[in-house]
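Peer 1: Coordinates for the following, if possible.
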Amino acid sequence: MPEARHIERSDGLFVLVGTSKGLFVYAADPAGESWERGGPYLAGQEVYAATLDTRAGRRRLWASTAAHFGPGLSWSDDLGRTFTTPERAPIRFAEGGEVALKRVWQIATPAGEPGTLYAGVEPAALFVSRDAGTSWELCQGLFDHPHRPKWQPGGGGLCLHTVVPHGGRLFCAISAAGVYRSDDGGATWQARNVGIRAPFLPEGSQYPEFGQCVHKVAPAPGRPARLYLQHHFGVYRTDDAGDSWQPIGAGLPSDFGFPIASHPDDAETVFVLPLEADAFRATPEGKLRVYRSRDAGASFEPLARGLPQEDAFECVLRDGMASGRAGLFFGTRSGKLFGARDFETFRMLAGGLPPVLSVKTAVC
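Peer 2: Next comes the predicted model:
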């Protein structure tokens, strides 16, 4: 295994990059001028989710892993120098039950609940910890939902890939079941997919109650009822907490893609990274561009400064783009990492990483 390089900085900007061969951590001063790299950590393992929990004075780095010996959840309290990986995975279904854990797709740390963590997993289910990750339990309300036996897997499996605590509610996105919302902390759940079209279904049944292939959901800051959504066939916005969705992809070169991210300070600004089509999952015209809307999806403009505009047939996965106080960052399946501290002008931070599976930012 390669020897990991460690970062010296303990505060500033952080970008966590999960890849098919381990976790990399990039750190910089608040201006983002000079970046240093840590890793590869958990070398050889697929890291589909990572987050840096800075709530309540903590600085705990979480990473989900998948390897030939099974899925796991690891953590580090020293920014990767040492990791704790329990022999028995802390997130697991009951032994002898109908399902077994395949992968942890998402780790969410709600800002107003310093002891709470959520984990979205495959097969689609939600786990919650109320003691900062020491113990985990299955969210029985979602697991027992009457729709669950009818959920069908998307191309990447039947995965609960997005957990969004927003406006006092909890949203989950499942591929390929759609969006579900809880208004009571996870005790009960309702499908919230009205207006999301599923064109692969027969005519007359293309707006089902559930069964939509949702790729990603992003909350709008300061607007508790607004979220943005990237679907397999469309880009959408809701202004009523998912009770209804409106398409907003008319100004894009393609409404197919995987990631979507909102600006951390502006509910009107949203970023998407379109791909040509389901059958050709690469950037349109070989131009790597992030598209930004400053009017909640009424119009979009391409952001190309610092990005290759010729023969750049790249693909970015659903968790491969992140927006936060550190800026806007994304990683490609070809192993390139780009960042824009000002949310507009990009620079390449890495060009030879393994395929990027997830990107998450933090500021300490």
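
Peer 1: rest of the way, CA atoms for contacts and neighbours
Peer 2: OK.

Peer 1: With T82 as the reference, measure out to L303.
Peer 2: 38 Å (Cα to Cα, to the nearest Å).

Peer 1: again with I7
Peer 2: 12 Å.

Peer 1: What of R305?
Peer 2: 37 Å.

Peer 1: same deal with W245?
Peer 2: Counting by Cα to Cα - W245 and T82 are separated by 44 Å.

Peer 1: and what of P224?
Peer 2: From P224 to T82 the distance is 38 Å (Cα to Cα).

Peer 1: ok, the two, which is more surrounded?
Peer 2: Higher neighbour count among P224 and T82: P224, with 17 against 12, using other Cα atoms under 10 Å.

Peer 1: mind listing what the more buried one touches?
Peer 2: H166, G167, G168, A241 (Cα atoms under 8 Å, 6 or more residues apart in numbering).

Peer 1: Just the ones in helices from the residues you listed, please.
Peer 2: Residues of those located in helices (DSSP state H): none.

Peer 1: Identify the residue spatially nearest to the most centrally placed residue in the chain, adjacent ones excluded.
Peer 2: Centroid-nearest residue in the chain, with Cα atoms, centre = their mean: D319, separated by 3.5 Å. Of all residues not flanking D319 in the chain, S358 sits nearest, at 4.6 Å (Cα to Cα, 6 or more residues apart in numbering).

Peer 1: tell me the contacts of that neighbour?
Peer 2: By Cα under 8 Å, 6+ apart, the neighbours of S358 are 16-19, 47-50, 317-321, 331.

Peer 1: can you pick the most crowded of those residues?
Peer 2: Counting by other Cα under 10 Å, top hit in the contacts of S358: G18 with 34 neighbours.

Peer 1: Next, give phi and psi for that residue.
Peer 2: phi -90, psi 130 (degrees, to the nearest 10).

Peer 1: Would you indicate which residues of stretch 238-254 are buried?
Peer 2: Within stretch 238-254, the residues that count as buried by 16 or more other Cα atoms under 10 Å are T238, D239, A241, G242, W245, Q246, P247, I248, G249, L252, P253, S254.

Peer 1: Endpoint to endpoint, it covers what distance?
Peer 2: 20 Å.

Peer 1: Residues contacting it, please?
Peer 2: 179, 181, 192-196, 224-228, 234-237, 255, 274-277, 284, 291, 297-300.

Peer 1: Among those residues, name the ones in strands.
Peer 2: Under the assignment DSSP state E, the contacts of stretch 238-254 contribute V179, R181, L227, Y228, G234, V235, Y236, R237, P274, L275, Y291 to strands.

Peer 1: any chance of those residues in TSV, plus pLDDT, neighbour count and distance to D131?
Peer 2: Output for those, formatted as TSV (pLDDT from 0 to 100; neighbours: other Cα atoms under 10 Å; distance: Cα to Cα, whole Å):
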residue	pLDDT	neighbour count	distance to D131
V179	98	29	27
R181	98	24	23
L227	98	27	28
Y228	98	29	30
G234	97	21	38
V235	98	30	36
Y236	98	22	35
R237	98	26	34
P274	98	28	39
L275	98	26	40
Y291	98	20	39
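
Peer 1: which ones are touching S175?
Peer 2: 152-154, 156-161, 212-215.

Peer 1: hang on, the earlier thing: now tabulate the ones in strands among the contacts of stretch 238-254 in TSV and tack on distance to G339.
Peer 2: Formatted as TSV, those follow (distance: Cα to Cα, whole Å):
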residue	distance to G339
V179	29
R181	32
L227	23
Y228	21
G234	25
V235	23
Y236	25
R237	25
P274	17
L275	19
Y291	14
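
Peer 1: Between the residues you listed, which sits nearest E203?
Peer 2: Closest approach to E203 among the ones in strands among the contacts of stretch 238-254 (Cα to Cα): G234, at 17.2 Å.

Peer 1: ok, for that closest one, nearest residue in space, not its chain neighbours?
Peer 2: Using Cα to Cα, 6+ apart, the nearest residue to G234 is D255, at 4.8 Å.

Peer 1: Count the neighbours of that neighbour for me.
Peer 2: Neighbour tally, D255, other Cα under 10 Å: 24.

Peer 1: Against Q206, how distant is it?
Peer 2: D255 is 17 Å from Q206, by Cα to Cα.

Peer 1: Which parts of the stretch 251-364 of the chain are strands?
Peer 2: 256-262, 270-275, 290-293, 301-303, 321-324, 327-331, 337-340, 347-350, 356-363 (DSSP state E, counting those that start in this stretch).

Peer 1: How about the residue nearest to V179 when sequence neighbours are not counted: which residues does it bridge to?
Peer 2: Leaving aside its chain neighbours, V179 sits nearest to A173 (4.5 Å; criterion: Cα to Cα, 6+ apart). Beta-bridge partners for A173, by DSSP bridges, are T162, V179.

Peer 1: D342 touches G327, doesn't it?
Peer 2: Yes. Under the criterion of Cα atoms under 8 Å, D342 makes contact with G327 at 6.1 Å.

Peer 1: Between those two, tell me which one has more neighbours.
Peer 2: Counted by other Cα under 10 Å, D342 and G327 do not tie: G327 has more neighbours, with 22 against 13.

Peer 1: before we move on, the earlier item: just flag the most distant two among the contacts of P224.
Peer 2: G168 and A241 (10.5 Å).

Peer 1: follow-up on the earlier one: looking at the contacts of S358, spot the one nearest I91.
Peer 2: A49 (13.9 Å).
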